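# Below is the structure, and that's it, no one-letter string:
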């Protein structure tokens, strides 16, 4: 039985909000902590995902569904507050009466340079308890390593070049191995390459990079979100679908608050579920990390006290014989420091 000594909601939380368009800004509170990574998607319309972090600073966004460079807009996220964040009047993030989902992670502010790798990061913000770090660095164009600060082997890492457009989001996942990568902003299947991670498994201190422009161009600037699995709080793994309504059950050791799933052997969307949208089984609302699409409403899975169970023959989550990777964070472990066991929804 998974037990952790902290409350998961102190390190990850989903916050839903409604836009108001106020020029003075819309203060979104109730996150429960000062977030260092905020990922926002409009639910009610087709707008891009907007990702902000304390390492790059407020007003600076990148979009998980685009290959665009970082955008600075004073009407986007303007403040990381002690209990949430404030958004400006832009219709992309605060359109009156539009609904939004925000997913929030806690690292450690802007952080400081990490010198464990051959590349010294500009900043690395680390939360070793939650197994999460954010690193900003400048590429060299040749084989290199960067430090994660995690003190544990990363199970998943997401990289984006920020200084220029035309570069995909590269994802490392332990279930694929270091000879493969998958792209966050497309529906594409896994791909093989030695020029991304140099076919070298990350260590507890560094991730190895090749000279590919998507992760390490000379003079290019990058952001990396790295995750080390923590029992009772986070899980990054894989499973095989069975193609029917009594679908695969994936054990995480906790009741998930956030799940992102991607089919790896063929084309499919990156599907995001959370515990706040709808809030009960069986139907779960979906958003898609690679798409501007508004919220879907397909019956795809149940969120349970110990993981999640697929409830449909759907290629995005449960195709017959299809292989999938996932990343999940906890609402509650089976038992946490408050001594209360998790129950299904």
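Perfect, thanks for sending it. Quick caveat: nothing in here was measured; it's all calculated off a predicted structure.
# Which secondary structure state does residue 314 sit in?
Here residue 314 is recorded as coil under DSSP: H, G, I helix; E, B strand; the rest coil.
# so what's it closest to, chain neighbours aside?
residue 300 (5.7 Å; Cβ to Cβ, 6 or more residues apart in numbering). In this view, the C-beta of every residue, glycine as well, is placed from N, C-alpha and C.
# neighbours around that neighbour, how many?
Residue 300 sits with 23 neighbouring residues when counted by other Cβ atoms under 10 Å.
# again with the one 4 residues further on
Neighbourhood size, residue 304 [other Cβ under 10 Å]: 20.
# go on, the one 3 residues further on?
Using other Cβ under 10 Å, residue 307 is surrounded by 22 other residues.
# Local confidence estimate at it?
Looking at residue 307, its pLDDT stands at 95.
# doesn't residue 239 make contact with it?
No - Residue 307 sits out of contact with residue 239 when judged by Cβ atoms under 8 Å, with a separation of 9.8 Å.
# Quick check: neighbours shared by these two?
Applying Cβ atoms under 8 Å, 6 or more residues apart in numbering, one finds that residue 307 and residue 239 are jointly contacted by residue 250.
# Can you pull the phi/psi pair for residue 10?
Phi and psi for residue 10, reported as degrees, to the nearest 10, are phi -80, psi -10.
# try residue 8
Main-chain torsions, residue 8, degrees, to the nearest 10: phi -50, psi -30.
# What separation is there between it and residue 211?
Using Cβ to Cβ, to the nearest Å, we find residue 8 at a distance of 38 Å from residue 211.
# With neighbour numbers in mind, choose between the two.
For residue 8 versus residue 211, the count of surrounding residues by other Cβ under 10 Å is larger for residue 8: 24 against 17.
# Could I get the contacting residues of the more buried one?
Residue 8 makes contact with 232, 233, 254, 257, 329, 330, 331, 332, 333, 336, according to Cβ under 8 Å, 6+ apart.
# I'd guess residue 215 is in a helix, am I close?
Yes - secondary structure of residue 215 (three-state DSSP): part of a helix.
# Residue 242 against residue 320, yeah?
Yes - here residue 242 reaches residue 320: they are 6.2 Å apart, a contact under Cβ under 8 Å.
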